[in-house]
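S.K.: Could you look at this predicted model? Sequence included:
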Amino acid sequence: MQIKNNILETIGNTPLIRLNKITRGIPADIVAKVDYFNPGNSIKDRMAVKMIEVAEQEGKLKPGGTIIECTSGNTGMGLALAAIVKGYKCIFTTTDKQSKEKMDILKAVGAEVIICPTNVEPDDPQSYYSIARRLAREIPNSFHCNQYDNLANRLAHFESTGPEIWQQTDGKITHLICTAGTGGTVTGTAQYLKKMNPDIQIWAIDVYGSLLTKYFRTGEIDMNEVHPYFSEGFGEDFVPENYDMSVIDHFEQVTDRDGAIMARRLAREEGLFCGYSAGSCLQGLMQLKDRLKKGDLAVCIFHDHGSRYVGKIYNDQWMMERGFLEVRTFRDIISGRGQKQKLVTLQPENTVADAVALMRKYDIENIPVLKDGEPVGSVSEAGLFQKVFSDPAIKDTRIADVMEPAYPLVDFTTPLERLSHLITRENGAVLAKDETGGFHILTKYDIIQSFAK
Ligand SMILES: Cc1ncc(COP(=O)(O)O)c(C=O)c1O
């Protein structure tokens, strides 16, 4: 029988999956160690369990004890799962920058979550590091895991992530690409891989706003490098003990925007719905792709699952607000028209002859019909042509008797892509009202023109 005794036995042995589309054109093989297949949906399950096991062995965690940790969510999830199976309580401190989904997930598995401010120094009493340390001092029979400085973190990757990658690639891996936060994943995995083959290149991926890259290059802890960033889970404003910089060959920084866009591409082009850092990891590799040659086998580590980021990088609004996604809207197309044109309209009591005259005069095909300032119908050149053809005497007929339905009324911020779906054979235009109450029209012709730009 193949039965796991508990959820913790499902941790690890995650698949290595080839990237096929985004990396097309790179001569090397690019594969991903997709660690969202762990039960807590992230690679951090591995080190969470290891930290607890080591603490138990060292007598630092006793039955019925409380696990305390500063965590952006993923480590917390792994710890919470271990706590459930092993009978501990969990208290986590985290920052107000982390996604709400992550906190709710931790609460769902029984943890208490304390949210602390992001933009304070690590040794500020309000920081999530300081609060975790204080709780550990005050709560009896508690154990502060401290994933940053607890070397069981990197040991977990030395014992599991590294050997798995070595076996899954038959020892043919030439490059490891991995985002770096506590440093546990990159260091532990690299220590094992370098032990097996010292020529394997280890590329750590960092974010702008973190001091790790400069520290790696110069040995200097430069707080001027530090500024807030949107990327989650990696980059640091100090150098945790888990780093062994001697096993890392290169540090590469990625912008918030590039990482987010690449995560979205991973979902759409490879079917890999991963977290923010996976996008940054692959973006880092793409920035370094010219260093890869035929016969190389590059392994990217994708730390976690995309479901935790649906309100962020997978939300168009969130992306647009940060300038990460350029979505052209109704407003953009109108403002690209240059000088303001007054909207040509008809009244229901106008005649077909009036409509034809306006179409000729302004060289237009679609005219909205307004009554008391509101759209009540529309007239199109194609529709009129049909009617004039079957009844030449129609020119004195009132517009009210021949008009077609009003054009759909949309918001000024409606994206171009949505607008294009609203324009059909039956419906040649869309309308939107500006802040002053004036209407603006976009026709099939406008939409085609703007796609061509
Ligand atoms: C989503 C995500 N990516 C990357 C990392 C960085 O891994 P490490 O802390 O082992 O350096 C973490 C760590 O918490 C993470 O949660």
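M.R.: Perfect, I can see it now. These figures come from a predicted structure and were not determined experimentally. Residues are numbered from 1 along each chain as shown.
S.K.: What separation do you get for the closest residue to the ligand within the stretch 351-453 of the chain and Phe230?
M.R.: The nearest approach of the stretch 351-453 of the chain to the ligand comes at Pro415, 29.0 Å away (C-beta to the nearest ligand atom). (C-beta placed from N, C-alpha, C; glycine too.) Separation of Pro415 from Phe230 (C-beta to C-beta, to the nearest Å): 22 Å.
S.K.: Now do Leu409 against Ala429, distance only.
M.R.: 11 Å.
S.K.: Who has more neighbours out of those two?
M.R.: Neighbours were counted for Leu409 and for Ala429 using other C-beta atoms under 10 Å; Ala429 has more, 23 against 13.
S.K.: On the three-state scheme, the closest residue to the ligand within the stretch 201-350 of the chain is what?
M.R.: Nearest residue of the stretch 201-350 of the chain to the ligand (C-beta to the nearest ligand atom) works out as Gly233 at 2.6 Å. In terms of secondary structure, Gly233 is coil; the call rests on DSSP: H, G, I helix; E, B strand; the rest coil.
S.K.: Is there a neighbour count for the closest residue to Leu416 other than its chain neighbours? I'd like the number.
M.R.: Counting by C-beta to C-beta, 6 or more residues apart in numbering, Arg328 is the residue found nearest to Leu416 once chain neighbours are left out, at 4.5 Å. Residues near Arg328, counting by other C-beta under 10 Å, number 15.
S.K.: Same question for the one 5 residues further on.
M.R.: A count of nearby residues for Ile333, using other C-beta under 10 Å, gives 18.
S.K.: Which neighbouring elements make contact with whichever strand or helix holds it?
M.R.: Applying DSSP states H and E as the criterion places Ile333 in helix 330-335. Secondary structure elements in contact with helix 330-335, counted by 3 or more C-beta pairs under 8 Å, 6 or more residues apart in numbering; DSSP states H and E, are helix 416-422, strand 429-433, strand 439-443, helix 444-452.
S.K.: ok, the most centrally placed residue in the chain - contacts?
M.R.: Taking C-alpha atoms, centre = their mean, the centroid of the chain lies closest to Ile313, which sits 2.9 Å from it. Residues near Ile313 by C-beta atoms under 8 Å, 6 or more residues apart in numbering: Ala260, Ala263, Arg264, Tyr276, Gly279, Met319, Phe324.
S.K.: Repeat the analysis, applying 7 Å as the threshold.
M.R.: When contacts are counted by C-beta atoms under 7 Å, 6 or more residues apart in numbering, Ile313 touches Ala260, Ala263, Arg264, Tyr276, Met319.
S.K.: Just to be sure, the last one is in a strand?
M.R.: So the one you mean is Met319. No - the assignment for Met319 (three-state DSSP) gives helix, which keeps it out of a strand.
S.K.: That one touches Ile261, doesn't it?
M.R.: No - between Met319 and Ile261 there is no contact under C-beta atoms under 7 Å: 8.2 Å.
S.K.: Distance check, the nearest residue to Asp222 once chain neighbours are set aside against Val247.
M.R.: Nearest residue to Asp222, sequence neighbours excluded (C-beta to C-beta, 6+ apart): Lys214, at 5.1 Å. Here the criterion is C-beta to C-beta. By it, Lys214 lies 19 Å from Val247.
S.K.: Count the neighbours of Gln386 for me.
M.R.: Neighbour tally, Gln386, other C-beta under 10 Å: 12.
S.K.: Can you read off the pLDDT for it?
M.R.: Gln386 is assigned 80 on the pLDDT scale.
S.K.: Asp96 too?
M.R.: Here, the pLDDT recorded for Asp96 equals 84.
S.K.: if we can go back for a sec, in contact with the nearest residue to the residue of the stretch 351-453 of the chain closest to the ligand once chain neighbours are set aside, which residues?
M.R.: Spatial nearest neighbour of Pro415, excluding adjacent residues (C-beta to C-beta, 6+ apart): Val327 at 4.7 Å. Under the criterion of C-beta under 7 Å, 6+ apart, the contact list for Val327 reads Asp316, Met320, Pro415.
S.K.: Which among these count as buried?
M.R.: Pro415 (16 or more other C-beta atoms under 10 Å).
S.K.: In TSV, list the contacts of Val327 along with pLDDT.
M.R.: What follows is these, written out as TSV (pLDDT from 0 to 100):
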residue	pLDDT
Asp316	86
Met320	86
Pro415	84
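S.K.: So which bits of stretch 140-149 are buried?
M.R.: Neighbour-count burial for stretch 140-149, counted by 16+ other C-beta under 10 Å, picks out Ser142, Phe143, His144, Cys145, Asn146, Gln147, Tyr148.
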